[in-house]
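**Q** Fold the following and give me the result.
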Amino acid sequence: MAPDKPAETWKSIDLNTNYDQVLPKIVTIVTTFVKDEMTVDQDTGLQADIRMASLQVMELVLEVEDEFDISFPLNRLADIHTVRDLTQEVVIVLNQ
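**A** Here you go, the predicted structure:
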């Protein structure tokens, strides 16, 4: 009997990790920052809808960096306003 296949990491999915692979995990992470019974989707605004303070956005980014074993360039953080923006940035970094 062959040993169980080890769990996939985000880096080993493939060389061209796509948006649809990353989005569900980002939604799960963002949901942990929601206080209400809000449904989080790709169009949810981090500050506009969830009302995250700048420090909370930084905490979110740190969690995402840890989860995907990546590092965001700090100059890109100002462009992250929605779950979609965050997901797109993760995909970009993963595919570099």
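**Q** Just the helices from this protein, written as ranges.
**A** Using DSSP state H, the helices of the chain run over 19-31, 54-68, 83-94.
**Q** Looking at the ones you listed, which one is packed in the most?
**A** helix 83-94 (a mean of 20; mean count of other C-beta atoms under 10 Å). Every residue, glycine included, has its C-beta placed from N, CA and C.
**Q** which regions of the protein sit below the pLDDT cut-off?
**A** Applying pLDDT under 70 to the chain flags residues 1-16.
**Q** let's see 80
**A** Along the chain, segments meeting pLDDT under 80 span 1-17.
**Q** most centrally placed residue in it?
**A** Nearest to the mean C-alpha position of the chain, by C-alpha atoms, centre = their mean, lies Ile26 at 3.5 Å.
**Q** which one is that one nearest to, not counting chain neighbours?
**A** In this structure, Ile26 finds its nearest non-sequential neighbour in Thr87, 4.8 Å apart by C-beta to C-beta, 6 or more residues apart in numbering.
**Q** cool, Leu60 as well?
**A** Leu60 sits nearest to Phe33 (C-beta to C-beta, 6+ apart), 6.0 Å away.
**Q** From Asn95, how far out is the one you found?
**A** Going from Phe33 to Asn95 by C-beta to C-beta, to the nearest Å gives 26 Å.
**Q** okay, those two: which has more neighbours?
**A** Phe33 (16 against 11; other C-beta atoms under 10 Å).
**Q** so who does the more buried one touch?
**A** Ile50, Met52, Gln56, Glu59, Leu60 (C-beta atoms under 8 Å, 6 or more residues apart in numbering).
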